[in-house]
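> Quick one, what's the 3D model for this:
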Amino acid sequence: MASSLTCAGVVWALLSFLCAAASCVGFFMPYWLLGSQLEKSVSFGTFRRCSYPVRDESRQTTVMVEQCGRYASFQAIPSAEWRICTVVTGLGCGLLLLVALTALMGCCVSELISRTVGRVAGGIQFLGG
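Alright, predicted model coming up:
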């Protein structure tokens, strides 16, 4: 298999993939903020949450749902700032994955990545980060 990358390019491709994978895992995990509420451990991220309070109308009390899940809709995310963070972080993770997978393909396919494509990919990584 021929490669269109130098040794530095192969290292860049591998590090790009590892960083993109770490970013995506961090984005999808609900452990951005940790705390406690109603004597229960709670955590949430941009679009996932664990152990959250729900109003029980039949008993007129607030109970804790001890499970992890996504918000029911985009509008259910607690604030506009968190919604913006969800969109921006998701787009960044998508860009990072696109560049990383293209770079990994460049390790296997000759003439896939030129100097210009490498520079553009670096700029996209900068934006994605």
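
> Return the list of helices and strands in contact with the helix ranked longest in the chain.
The single longest helix within the chain, with elements called by DSSP state H, is helix 80-106. Applying 3 or more C-beta pairs under 8 Å, 6 or more residues apart in numbering; DSSP states H and E, one finds that helix 80-106 contacts helix 7-28, helix 115-128. Placement of C-beta: from N, CA and C, glycine included.

> what's the angle from that helix to helix 7-28?
150 degrees (axes from the mean of the first three to the mean of the last three C-alpha atoms, to 10 degrees).

> residue contacts, Met105?
Shown in contact with Met105 (C-beta atoms under 8 Å, 6 or more residues apart in numbering): Leu112.

> and Gly9, how many neighbours?
16 (other C-beta atoms under 10 Å).

> winner for burial among the helices and strands packed on helix 80-106?
For the helices and strands packed on helix 80-106, average neighbour numbers computed from mean count of other C-beta atoms under 10 Å are highest in helix 7-28, which has a mean of 15.

> Packing partners of that helix?
Using 3+ C-beta pairs under 8 Å, 6+ apart: helix 7-28 touches helix 80-106.

> tell me what the lowest-mean-pLDDT helix or strand in the chain is packed against?
Every helix and strand in the chain was compared by mean pLDDT, DSSP states H and E; the lowest is helix 115-128, with a mean of 77. For helix 115-128, the packing partners by 3+ C-beta pairs under 8 Å, 6+ apart come out as helix 80-106.
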